[in-house]
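1. Next input, structure requested:
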Amino acid sequence: MSVPYKPAGYTSVAPYLAVDGAAKLVDFLVTVFGAEKLRSYAAEGGRLHHAEVRIDDTVVMLADSPDGSPAGASHVHVYVKDVDATFKKAIAAGATSVQEPIKKDDSDKRGGFRDPVGITWWVGQQVE
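-> Have a look, this model is predicted:
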């Protein structure tokens, strides 16, 4: 019997976020998106060497930036069932507004916020 090339239920591509405050980000994702915690591996000094959460059908991987390496500025887009409610949850959980959800020239209503560790999240909901 051979071992599958990826864990069951994982997509082939996953965002990987290097941040300063990975444990804080995991908690934020659970609060805002209802993320499910999957795997987590601690590093020295209470930092996270690697962590994974599932948001809807996608696994997001993250870790504290290695010593001496700057955390990367990242943007992530997530489709959600209620863009306004998700945006409000994010702000209540400590995010700062980048753009309140609005409908522009495409079929989505979309807004953005920056989480407490500096990642910009764009949330969208198809409305037409």
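
2. what about the strands in this protein?
-> 16-19, 36-42, 48-55, 58-64, 75-79, 96-103, 108-114, 120-126 (DSSP state E).

3. quick one: contacts of the last one?
-> The contact list for strand 120-126 (CB atoms under 8 Å, 6 or more residues apart in numbering) reads 32, 73-83, 86-87, 90, 95, 98, 101, 107-115. Heads up, the C-betas are built off the backbone N, CA and C, glycines and all.

4. Turn the strands of the chain into TSV, including mean neighbour count, distance to Ala8 and mean pLDDT.
-> Listed next are those as TSV, based on neighbours: other CB atoms under 10 Å; distance: least, CB to CB, whole Å; pLDDT from 0 to 100:
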stretch	mean neighbour count	distance to Ala8	mean pLDDT
strand 16-19	18	20	92
strand 36-42	13	11	95
strand 48-55	19	12	96
strand 58-64	21	11	94
strand 75-79	15	22	94
strand 96-103	14	34	97
strand 108-114	20	31	96
strand 120-126	19	27	95
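
5. May I see those arranged in CSV, with distance to Lys6 as well?
-> Output for those, formatted as CSV (distance: least, CB to CB, whole Å):
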stretch, distance to Lys6
strand 16-19, 14
strand 36-42, 13
strand 48-55, 12
strand 58-64, 10
strand 75-79, 20
strand 96-103, 33
strand 108-114, 29
strand 120-126, 25
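
6. how about those, which one is nearest Tyr5?
-> In terms of CB to CB, the element of these nearest to Tyr5 is strand 58-64, at 14.7 Å.

7. Centre of the chain to that closest one, how far?
-> Taking the mean of its C-alpha atoms, strand 58-64 sits 7 Å from the chain's own mean (CA atoms, centre = their mean, to the nearest Å).

8. Going forward, the N-terminal residue is numbered 36.
-> Right, with 36 as the first residue, what we last looked at is strand 93-99.

9. residues in contact with that strand?
-> Strand 93-99 is contacted by residues 45-46, 49-57, 60-61, 64, 70, 73, 78, 82-89, 111 when judged by CB under 8 Å, 6+ apart.
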